[in-house]
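Undergrad: show me how the following folds:
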Amino acid sequence: MIKDEASRKQVLNRLRRAQGQLAAVLTMIEDGRECRDVVTQLAAVSKAIDRAGFKIMACTLRESIAGETAPGHELLTEEELEKLFMTLS
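TA: The predicted model follows:
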């Protein structure tokens with residue numbers, strides 16, 4: 001996974017933020033909030049998750065280029081990297 005501790009913390013922070021935003025979306029729907037408000041908050045959740053995914057991919061690419069990987073993890077092939085990248089796009 002992510003060997004760089006600073007990058008790992010960034011990913012975790014983004015995902016925790018997304019988790020909080022998603023909880024807010026659920027509350028907004030339960031409270032009957034306006035569609036505009038719900039969709040705006042939902043878009044923020046989506047963006048936070050996307051950014052976390054891109055950060056993970058960037059770290060994976062960097063580690064693959066350097067030929068490094070975390071203990072117990074295998075380097076990804078070019079095809080696997082491409083498939084992951086396309087999954088996020």
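Undergrad: C-alpha only now, for contacts and for neighbours.
TA: Fine.
Undergrad: all helices of the chain, in order?
TA: For the chain, helices defined by DSSP state H occupy the ranges 5-30, 35-66, 78-88.
Undergrad: got the angle for the longest one vs helix 5-30?
TA: Okay, so that is helix 35-66. Relative orientation of helix 35-66 and helix 5-30, computed by axes from the mean of the first three to the mean of the last three Cα atoms, to 10 degrees: 160 degrees.
Undergrad: including distance to residue 72 and mean neighbour count, could the helices of the chain go into TSV?
TA: As requested, these are exported to TSV (distance: least, Cα to Cα, whole Å; neighbours: other Cα atoms under 10 Å):
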stretch	distance to residue 72	mean neighbour count
helix 5-30	17	15
helix 35-66	14	16
helix 78-88	17	12
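Undergrad: next up, the contacts around the most centrally placed residue in the chain.
TA: Nearest residue to the geometric centre of the chain (Cα atoms, centre = their mean): residue 52, 2.5 Å. Residues counted as contacts of residue 52 (Cα atoms under 8 Å, 6 or more residues apart in numbering) are 10-12, 14-15.
Undergrad: likewise for residue 19?
TA: Contacts of residue 19 (Cα under 8 Å, 6+ apart): residue 45.
Undergrad: ok, the spatially closest residue to residue 46 that is not a sequence neighbour to residue 5 distance?
TA: In space, and not counting its chain neighbours, residue 46 is closest to residue 18: 7.7 Å by Cα to Cα, 6 or more residues apart in numbering. Separation of residue 18 from residue 5 (Cα to Cα, to the nearest Å): 20 Å.
Undergrad: quick check on residue 74: phi, psi?
TA: Dihedral angles of residue 74 (phi, psi; degrees, to the nearest 10) stand at phi -100, psi 150.
Undergrad: and residue 76, by the same measure?
TA: Dihedral angles (degrees, to the nearest 10) for residue 76: phi -80, psi 150.
Undergrad: quick one: it from residue 55, how far?
TA: As judged by Cα to Cα, residue 76 and residue 55 stand 16 Å apart.
Undergrad: and residue 32, what is it in contact with?
TA: Residue 32 makes contact with no residue under the criterion Cα under 8 Å, 6+ apart.
Undergrad: likewise residue 13?
TA: Residue 13 neighbours (Cα under 8 Å, 6+ apart): none.
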